[in-house]
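J.: Can you look at this prediction? I've put the sequence above it.
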Amino acid sequence: MGVGRVETGFDPDALKELIEGSGVRFRQLSISYVVDCPRCGKKDKLYFRKRDGQFICWVCAGDGFRGRPEYGLSEVLGVPVREIRAQLYGDKDVRATAFLDLKVRNWLSGDDEPDEDAFDLQEVQWPFDFYPIEHKFSRRGLAYLESRGIPLEVAKCYDLRYCPREQRVYFPIGSKGKLYGWQGRFVGQTEFRDEATGQTTRIPKVVTTKGIKKEQTLMFLDRLEGSDHAVLCEGPVDGLKVHGFGGNVVSMGKIVSKAQINLIRNSGVKRVYLALDPDAYSETMALTREFPDLEVYWVTPPKGYKDIGEMSISEVTELCGLAPRVNGSFVRGFINPESVPVNYRHG
Ligand SMILES: [Zn+2]
């Protein structure tokens, strides 16, 4: 179970030839080739699975160094990704059908199993009173979502929950049926003034499960599976607004980690849409240079909207479709937030 999808067009013999013919020192186990990791420099830590080529470094996995074979091989062999693709997949157009799998523990078995815990995301369970959003106890949570333009059908797709005790809607952080944590959004008033004492109490609007290393994953990660593009959003509501356009993933903050960047790069998407909030201008600028082998587009809400979370799902679908393409070296220095979107699409 787990990692069973096989890339269409992937040629296991080509992987064998690439590794055996490369001059790189390798070991061969029953289901994997093992090489030294070019990122961390650790010996025998990088595994390429023979069946589909998927790779993982058991030390750097937490930084996103895992996924499709061409990205790992490119670094091990020092050969451009496109050349490796040509060898691994022949002439076939590569679609992102074999996305990386977070169930790394299920990846290997028997003699291929490294004994250390490289990967820090631990599976958790929903508390019993975090009710599915369609549950009768979740009415208030659903009303909140609907007021923000998220209908029940969409909320159900993402397994959103509501906890009446906490008065919060919960957005799962997980992948492939595993739950690693959640973010909760308070649905009521977040500030109370006690008239007797004159004191104001504030309730935090957003909470995240304690202990989860959210920078090691992306919320709604499964939305990249089979998608040829990714839309990187800052918060869960923004992410849900991109449901119609697809490929929607959420960084859970303005700071996008190396691991999150690598999750997108290694997923096999061809285009990435940067849809962080407009006040994350410098972060977005920096990100345009992180995807040198992908087409990068910049999604900014029209004047009058604070962020895409304020727009409707269909408006956001249209906005993404019209997003201008940018290019790391090209954009630097002369796009400012006022002038975006301007169509810089070239070619
Ligand atoms: Zn490594």
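T.: Good, I have the coordinates. Numbering: from 1, shown residues only.

J.: can you map out the helices along this protein?
T.: 12-20, 69-77, 81-89, 139-147, 152-157, 236-241, 258-265, 281-287, 313-321, 328-331 (DSSP state H).

J.: And those, which one averages the lowest pLDDT?
T.: With a mean of 48, helix 328-331 has the lowest mean pLDDT of those.

J.: re the thing from before, dump the helices of the chain into TSV; add mean neighbour count and distance to the ion as well.
T.: All C-beta atoms are positioned from the backbone trio N, CA, C, and that covers glycine. Shown next, in TSV, are these (neighbours: other CB atoms under 10 Å; distance: least, CB to the ion, whole Å):
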stretch	mean neighbour count	distance to the ion
helix 12-20	16	17
helix 69-77	23	10
helix 81-89	18	18
helix 139-147	17	41
helix 152-157	15	35
helix 236-241	26	29
helix 258-265	21	12
helix 281-287	18	23
helix 313-321	18	34
helix 328-331	14	25
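
J.: For residue 172, find the nearest of those.
T.: helix 236-241 (9.4 Å; CB to CB).

J.: what's next to the closest one, contact-wise?
T.: With contacts defined as CB atoms under 8 Å, 6 or more residues apart in numbering, helix 236-241 is touched by 148-150, 154-155, 158, 171, 183, 185, 219-220, 231, 233, 248-250, 252, 275, 277, 307-309, 311-313, 316.

J.: Low-confidence ranges, the stretch 1-150 of the chain, go.
T.: 1-8, 91-120 (pLDDT under 70).

J.: Get me the contact residues on it for the ion.
T.: 37, 39-40, 57, 59-60 (CB under 5 Å from the ion).

J.: out of these, what pair is the most spread apart?
T.: Pairwise distances across those peak at 8.0 Å for 39 and 59 (criterion: CB to CB).

J.: So which of these two has more stuff around it?
T.: Neighbour count, other CB atoms under 10 Å: between residue 39 and residue 59, residue 59 has more, with 18 against 15.

J.: ok, the residue nearest to the more buried one when sequence neighbours are not counted to residue 65 distance?
T.: Nearest non-adjacent residue to residue 59, counting by CB to CB, 6 or more residues apart in numbering: residue 40, 4.6 Å away. Distance check for residue 40 against residue 65: by CB to CB, to the nearest Å, it reads 8 Å.
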